[in-house]
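Q: Return a 3D structure for these sequence lines:
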Amino acid sequence: MFGSNPKPDPTSTVSNGTHQTDYNPAPNRVSNGVSIKGDVKFGSELVIDGEVEGNITSSGKLVVGTHATVIGDIRVGFVTIQGSVDGNVVASERCALEAGANLHGDVESPRLAVDENASFVGSAKITTRKS
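A: The predicted structure follows:
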């Protein structure tokens, strides 16, 4: 009420002190320095910049960040790999290996993008999208 600080409207513009940005909630994140042993399941979006030893499953979007190491299989809707993955990747929509990515394992996806500065040791199977 009077004198209180209202919560920002998610559709409004928020100032962070240097410039104006649109308010978008951040995706779930496993930060650099965090290590998880065990399988990971998530809903819509996850960014991994730490270490995961286990399988990762979701119908959502996964980003394996530049500092990330994943040892295990990945089965998601969309995946962007910037770090290191040792395991097989199944993406129902798209798999992208960006510059600096290191993947040891097989890929199965209807769309595959591999940057010339990515390392990929394995096989690729381009599939049709599952409806």
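
Q: drop to CA atoms for contacts and neighbour counts, all remaining ones
A: Will do.

Q: So, low pLDDT: which residues of the protein?
A: The model of the chain has pLDDT under 70 over residues 1-26, 130-131.

Q: bridging residues for the residue nearest in space to the middle of the chain?
A: Among the residues of the chain, the one closest to the centroid is Val63, at 1.5 Å (CA atoms, centre = their mean). Legend: beta-bridge partners of Val63 under DSSP bridges are Val47, Thr80.

Q: so how far is Ile48 from it?
A: Distance, Val63 to Ile48, by CA to CA, to the nearest Å: 6 Å.

Q: Please report how far the residue nearest to the centre of the chain lies from Thr128.
A: As judged by CA to CA, Val63 and Thr128 stand 22 Å apart.

Q: go on, Ala68?
A: Ala68 sits 29 Å away from Thr128, going by CA to CA.

Q: From what I see, the residue nearest to the centre of the chain and Val79 are in contact.
A: Yes - contact criterion CA atoms under 8 Å: Val63 and Val79 qualify, at 5.8 Å.

Q: count of neighbours near Asn32?
A: For Asn32, the neighbour count with other CA atoms under 10 Å is 15.

Q: In contact with the residue nearest to it when sequence neighbours are not counted: list those residues for me.
A: Excluding the flanking residues, the one nearest Asn32 by CA to CA, 6 or more residues apart in numbering is Gly50, at 4.1 Å. By CA atoms under 8 Å, 6 or more residues apart in numbering, Gly50 lies in contact with 30-35, 67-69.

Q: Need the phi and psi values for Gly50.
A: Note on Gly50: its backbone torsions stand at phi -110, psi -150 [degrees, to the nearest 10].

Q: same deal with the one 4 residues further on?
A: Backbone torsions of Gly54, given as degrees, to the nearest 10, read phi 160, psi 170.
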